[in-house]
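Novice: Fold the following.
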Amino acid sequence: MASGTKTILCAGGAVQDIVMRVETFPQAGTKAQASDVVTTTGGQSGNAAITLAHLGANVRYAGPLGAEDDAAASYVCAALMRGLRLPWPPSNARASAARAARRRERRWKIF
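Specialist: Presented below is the predicted three-dimensional model:
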């Protein structure tokens, strides 16, 4: 990192968003068939971290993620690592730390 370069820490939520496209917004009590489904990352801090990294900023993320067996949490973790251009899968040292962190039901992750 160059002298004087700052790092931005985005702390808070990162989640998995499931977005469904419908032809018309359904009225109360009715259903609508989705024509498309997209799974992506969401959450203010997760989105901010990935966007800032794509704009060239030196960014890190810290926030709660789900349990080890939570598929959505694993998806968000991988997306953050890729979005922040960090090695994925994690190195052995990172993997050990990640396994230790995942032993808790709710874990905080810092990238």
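Novice: what's the nearest residue to residue 6 if we skip its chain neighbours?
Specialist: Distance criterion CB to CB, 6 or more residues apart in numbering; nearest residue to residue 6, sequence neighbours excluded, is residue 58 at 7.0 Å. In this view, the C-beta of every residue, glycine as well, is placed from N, C-alpha and C.
Novice: Pull the contacting residues for that neighbour.
Specialist: 1, 5, 6, 7, 8 (CB atoms under 8 Å, 6 or more residues apart in numbering).
Novice: Need the CA coordinates for the longest helix seen in the chain. CSV is fine.
Specialist: The longest helix of the chain (DSSP state H) is helix 71-83. This file holds the C-alpha atoms of helix 71-83, laid out as CSV (Å, rounded to 0.1, in the frame of the first residue of the first chain):
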residue,chain,number,x,y,z
ALA,A,71,-25.9,-21.4,2.2
ALA,A,72,-26.8,-17.7,1.9
ALA,A,73,-24.0,-16.7,4.2
SER,A,74,-21.5,-18.8,2.2
TYR,A,75,-22.7,-17.1,-1.0
VAL,A,76,-22.3,-13.6,0.5
CYS,A,77,-18.9,-14.5,1.9
ALA,A,78,-17.6,-15.7,-1.5
ALA,A,79,-19.1,-12.6,-3.3
LEU,A,80,-17.5,-10.2,-0.9
MET,A,81,-14.1,-12.0,-1.3
ARG,A,82,-14.4,-11.8,-5.1
GLY,A,83,-15.8,-8.2,-5.0
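Novice: can you give me how far that helix is from the chain middle?
Specialist: Distance, stretch centre to chain centre, for helix 71-83: 5 Å (CA atoms, centre = their mean, to the nearest Å).
Novice: for that helix, what is the average pLDDT?
Specialist: Mean per-residue pLDDT for helix 71-83: 84.
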